[in-house]
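Trainee: quick one, structure for this:
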Amino acid sequence: MSETTSITPTRPYMVRALYQWIEDNDLTPYLMVDATAENVQIPTEHVQDGRIVLNIASRATGNMSMENDYIHFSARFGGVSQDIWVPLTAVLGIYAKENSQGMFFDPNEYDNYQPEGDSPVAAKKSPTAAPKPKRDNKAGLKVLK
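Mentor: A predicted model of the protein is given here:
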């Protein structure tokens, strides 16, 4: 491996694997997030000591998407549905509510990592990023009768 090649962080893969393991065992996956990190979109009224713990069980969330650079889902807080965006760089740990089994991550894991194109990891899918322009000539399906 050359010095210019940057190996991808393990955090997104471990989060997905532990999430699946926790759900497969009928436990409740909790995600601990650094609420002070850039591009975190969470309900700030639930932040304590700069952190928030989110219940990310499939029964508590909607439209969950776990990518290599972010986690996105919708959830209800105080009866109000909110979109949640968590860059993987802000994930401190994932564990089961019932037995605390899980994993906490090295806070320095992303310090020397630069994805291709030298763009910040968290900004790739930022909730505030401008939407991509729509193509006029996009392919589609047509219902034939």
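Trainee: so for stretch 51-60, what gets flagged as buried?
Mentor: Under the neighbour-count criterion of 16 or more other Cβ atoms under 10 Å, stretch 51-60 has Ile52, Val53, Leu54, Ile56, Ala57 buried. Any C-beta I mention is one placed from the backbone N, CA and C, and that applies to glycine too.
Trainee: with just CA atoms, put it into CSV.
Mentor: This file holds the C-alpha atoms of stretch 51-60, laid out as CSV (Å, rounded to 0.1, in the frame of the first residue of the first chain):
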residue,chain,number,x,y,z
ARG,A,51,-23.8,13.7,23.7
ILE,A,52,-27.1,12.1,22.8
VAL,A,53,-28.1,8.5,22.9
LEU,A,54,-30.6,7.5,20.2
ASN,A,55,-32.8,4.4,20.0
ILE,A,56,-32.2,3.2,16.5
ALA,A,57,-34.3,0.1,16.6
SER,A,58,-36.2,-0.6,13.4
ARG,A,59,-39.5,-0.4,15.3
ALA,A,60,-38.5,3.2,16.5
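Trainee: show me the strands in this structure, by range?
Mentor: 29-34, 51-55, 62-66, 70-77, 80-87, 91-96, 102-104 (DSSP state E).
Trainee: mind putting these into JSON lines with mean pLDDT and distance to Pro115?
Mentor: Formatted as JSON lines, these follow (pLDDT from 0 to 100; distance: least, Cβ to Cβ, whole Å):
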{"stretch": "strand 29-34", "mean pLDDT": "98", "distance to Pro115": "19"}
{"stretch": "strand 51-55", "mean pLDDT": "97", "distance to Pro115": "24"}
{"stretch": "strand 62-66", "mean pLDDT": "96", "distance to Pro115": "17"}
{"stretch": "strand 70-77", "mean pLDDT": "96", "distance to Pro115": "12"}
{"stretch": "strand 80-87", "mean pLDDT": "96", "distance to Pro115": "12"}
{"stretch": "strand 91-96", "mean pLDDT": "98", "distance to Pro115": "16"}
{"stretch": "strand 102-104", "mean pLDDT": "97", "distance to Pro115": "22"}
